[in-house]
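K.L.:
just the structure for this:
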Amino acid sequence: MDLNIDIGEGGPADGALLEAASSANIACGGHAGGGAVMRAALELAARAGVAIGAHPGYRDPDNFGRVETGSPPPAIAAEVRRQLLDFSAAHGSPPHHVKPHGALYHRADRDAGVARALCRVIRETAPAAWVYAFAGGGLARAAEAAGLRVCREGFIDRAYGADGTLVPRGSPGAVIDSPEAAAAQAVRLAAAGGVDTLCTHGDGARAADVLTRARNALQQAGHRIGPPV
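P.N.:
Numbers count the residues shown, from 1 in each chain. Here you go, the predicted structure:
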């Protein structure tokens, strides 16, 4: 089971987060990061020995990329292409994986045009990369149809609704910040099958504790921790 974490977003705990993660999603300058912040995150991730992926999002740092912009698919494709090329130039090679961030992630899950646009860009810029996508969602289906490798994702620190989708941020109980509850959810998701990677959001107040507790619980349940290869 892979454990992925978002870093390079300007938070102070990236080093602690990488101690328990097996893959890192590094902000590319859209919702956060870019430039020196991205290069520092790349260096941290390389020293930690985790799989290093790109985390492109809407160019909307004021809202941390978590507000839908309504941008059309061609504009989204152009922006994501820029971010992935910037990432690859800083990293010296294409990403191990690509995981859209925030509102873009969720839009790609429900908007087939956006999902196809993202997959075209990934095929052009990082054809060997894994696509981290919500298990069973629209982006996962589009990536499979495009011949890309898909890593099905679940979330340790977000609540699920009865329909299997994430409870929207801002709703009561949408974010799980209890390390104990998050670890229990990680074990449940892993036991149920259907997911290959589990995410913890790096900007969470207790993200390092959540991730460490989840890793320990998964290992105690017999799961090997490591990225997709």
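
K.L.:
so residue 44 makes contact with residue 7?
P.N.:
Yes. Under the criterion of CB atoms under 8 Å, residue 44 is in contact with residue 7, at a separation of 7.1 Å. Just so you know, the C-beta spots here come from the backbone N, C-alpha and C atoms, and that holds for glycine as well.

K.L.:
those two: who's more crowded?
P.N.:
The neighbour comparison of residue 44 against residue 7 (other CB atoms under 10 Å) goes to residue 7, with 33 against 19.

K.L.:
any idea how far that one lies from residue 159?
P.N.:
As defined by CB to CB, to the nearest Å, residue 7 lies at a distance of 23 Å from residue 159.

K.L.:
could you pull out the residues contacting both of residue 44 and residue 7?
P.N.:
Common neighbours of residue 44 and residue 7, using CB atoms under 8 Å, 6 or more residues apart in numbering, are 14, 18.

K.L.:
now tell me what touches the longest helix along the chain from outside.
P.N.:
For the chain, the helix with the greatest residue count under DSSP state H is helix 73-91. Contacts to helix 73-91, defined as CB under 8 Å, 6+ apart, come from residues 26, 28-30, 34, 38-39, 42, 52, 54, 56-59, 71, 94-95, 98, 100, 104, 111, 113-114, 116-118, 120-122, 124-126.

K.L.:
so for that helix, what gets flagged as buried?
P.N.:
73, 76-77, 79-88, 90-91 (16 or more other CB atoms under 10 Å).

K.L.:
got it, and stretch 31-50?
P.N.:
Judged by neighbour count using 16+ other CB under 10 Å, the buried positions of stretch 31-50 are 31, 32, 33, 34, 37, 38, 41, 42, 44, 45, 48, 50.

K.L.:
dump those to TSV, plus distance to residue 175.
P.N.:
As requested, those are exported to TSV (distance: CB to CB, whole Å):
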residue	distance to residue 175
31	17
32	18
33	21
34	25
37	24
38	25
41	23
42	27
44	25
45	24
48	25
50	24
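
K.L.:
what two of those residues have the greatest distance between them?
P.N.:
Every pair in the buried residues of stretch 31-50 was compared (CB to CB); the two farthest apart turn out to be 31 and 48, at 22.2 Å.

K.L.:
which parts of this structure are helices?
P.N.:
Using DSSP H, the helices of the chain run over 14-18, 35-48, 73-91, 102-110, 112-125, 138-145, 179-192, 207-220.

K.L.:
just the C-alpha atoms of the third one, please, in PDB.
P.N.:
Pointing back at helix 73-91 there. Once side chains and other backbone atoms are set aside, the C-alpha atoms of helix 73-91 remain, and they are given as PDB (Å, rounded to 0.1, in the frame of the first residue of the first chain):
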ATOM      1  CA  PRO A  73     -10.500  22.300 -20.800                       C
ATOM      2  CA  PRO A  74      -8.000  23.900 -23.300                       C
ATOM      3  CA  ALA A  75      -7.000  26.500 -20.700                       C
ATOM      4  CA  ILE A  76      -6.600  23.800 -18.000                       C
ATOM      5  CA  ALA A  77      -4.500  21.700 -20.300                       C
ATOM      6  CA  ALA A  78      -2.200  24.600 -21.100                       C
ATOM      7  CA  GLU A  79      -1.800  25.500 -17.400                       C
ATOM      8  CA  VAL A  80      -1.100  21.900 -16.400                       C
ATOM      9  CA  ARG A  81       1.400  21.400 -19.200                       C
ATOM     10  CA  ARG A  82       3.300  24.400 -18.000                       C
ATOM     11  CA  GLN A  83       3.300  23.100 -14.400                       C
ATOM     12  CA  LEU A  84       4.500  19.600 -15.500                       C
ATOM     13  CA  LEU A  85       7.200  21.000 -17.600                       C
ATOM     14  CA  ASP A  86       8.400  23.300 -14.800                       C
ATOM     15  CA  PHE A  87       8.400  20.300 -12.500                       C
ATOM     16  CA  SER A  88      10.400  18.100 -14.900                       C
ATOM     17  CA  ALA A  89      12.900  20.900 -15.500                       C
ATOM     18  CA  ALA A  90      13.400  21.300 -11.700                       C
ATOM     19  CA  HIS A  91      13.500  17.600 -11.100                       C
END
